[in-house]
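Asker: output the structure for:
(2 chains)
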Amino acid sequence: DGGITQSPKYLFRKEGQNVTLSCEQNLNHDAMYWYRQDPGQGLRLIYYSQIVNDFQKGDIAEGYSVSREKKESFPLTVTSAQKNPTAFYLCASSPLPGGEAFFGQGTRLTVV
Amino acid sequence: GEDVEQSLFLSVREGDSSVINCTYTDSSSTYLYWYKQEPGAGLQLLTYIFSNMDMKQDQRLTVLLNKKDKHLSLRIADTQTGDSAIYFCAESIGEPGRRALTFGSGTRLQVQP
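Answerer: Numbers count the residues shown, from 1 in each chain, chains lettered A, B, ... in the order given. A predicted model of the protein is given here:
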């Protein structure tokens, strides 16, 4: 089936450690996005990529890094510099920049 | 989500109509979207409207767009308990070729049986 897959669904991290969240899509979409969702808040854009080997910072990029080496994959690394990383992370893709976005099921990251 | 505003909560009785409102900021957005999020899940696209339309109907869903006031609404007819979820409106912002969706804070719809 075509879709967008995030893994793992739940992730626990100790303070001071980096962690990488996986996002893979087989929809042949050029654009991919990472959003962060906190309780009672909307989605905030972390990073986005419109094409392979190119990506841009969103509204809250500090403490995060990404890569886009393949069209299908857009992993997000939450670094130790991110002061409050506990959140629900959503990955999305769209056929065109800023177009209809298709979402994965999310990864819930908890720092312990 | 500061660019897109929504009320946070709406409670209706089963069978009634629900109306969820949204104001947006970027008049150049070509499409405006409504998404639904169930607990612990990703977002699911419900419907969208092209910016040169005033209204779009899709089964129980009606979207109204007032471009002058930058106001978007989603009406759900005959609301069911399965409609209980968080609803997000979204607009596309940014430079051409580098656009991304900006979301409101979401409206939590609670449907009372």
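Asker: please see if stretch B:104-113 touches chain A.
Answerer: Yes. Where contact is defined by CB under 8 Å from any CB of the partner chain, part of stretch B:104-113 touches chain A, namely B:Gly104, B:Ser105, B:Gly106. In this view, the C-beta of every residue, glycine as well, is placed from N, C-alpha and C.
Asker: and the contacts of that stretch?
Answerer: For stretch B:104-113, the external contacting residues (CB atoms under 8 Å, 6 or more residues apart in numbering or on different chains) are A:40-42, B:1, B:4-14, B:18, B:20-22, B:37, B:76, B:79-81, B:83-90.
Asker: and that stretch, what's buried?
Answerer: Using 16 or more other CB atoms under 10 Å in any protein chain shown as the test for burial, stretch B:104-113 gives B:Gly104, B:Ser105, B:Gly106, B:Thr107, B:Arg108, B:Leu109, B:Val111.
Asker: quick one: low-confidence ranges for chain B?
Answerer: Applying pLDDT under 70 to chain B picks out residues B:1-2.
Asker: just the strands in it please.
Answerer: For chain B, the strands defined by DSSP state E cover B:5-6, B:9-13, B:18-23, B:31-37, B:43-50, B:55-58, B:61-66, B:71-76, B:85-93, B:100-103, B:107-112.
Asker: highest mean neighbour count out of those strands?
Answerer: When neighbours are counted by mean count of other CB atoms under 10 Å in any protein chain shown, the highest per-stretch mean among these falls to strand B:100-103, a mean of 26.
Asker: wait, does that one contact chain A?
Answerer: Yes. With CB under 8 Å from any CB as the measure, strand B:100-103 is seen reaching chain A through B:Ala100, B:Leu101, B:Thr102, B:Phe103.
Asker: near chain A, which residues of chain B?
Answerer: Near chain A, the residues belonging to chain B are B:1, B:4, B:8, B:31, B:33, B:35, B:40-45, B:48, B:88, B:90, B:92-94, B:97-106 when assessed by CB under 8 Å from any CB.
Asker: return the residues in contact with residue 85.
Answerer: Just going to use chain A. When the contact criterion is CB under 8 Å, 6+ apart, the partners of A:Pro85 are A:Arg13, A:Gly63, A:Val78, A:Leu109, A:Val111.
Asker: actually it's chain B I care about, not the one you picked
Answerer: Per CB under 8 Å, 6+ apart, neighbours of B:Ala85: B:Lys36, B:Gln37, B:Glu38, B:Pro39, B:Arg108, B:Leu109.
Asker: go ahead and flag the most central residue of chain A.
Answerer: The centre of chain A sits closest to A:Trp34, judged by CA atoms, centre = their mean, with a distance of 3.1 Å.
Asker: pretty sure that residue is in a helix, no?
Answerer: No. With the criterion set as DSSP: H, G, I helix; E, B strand; the rest coil, the secondary structure at A:Trp34 is strand rather than a helix.
Asker: sounds good, over and out.
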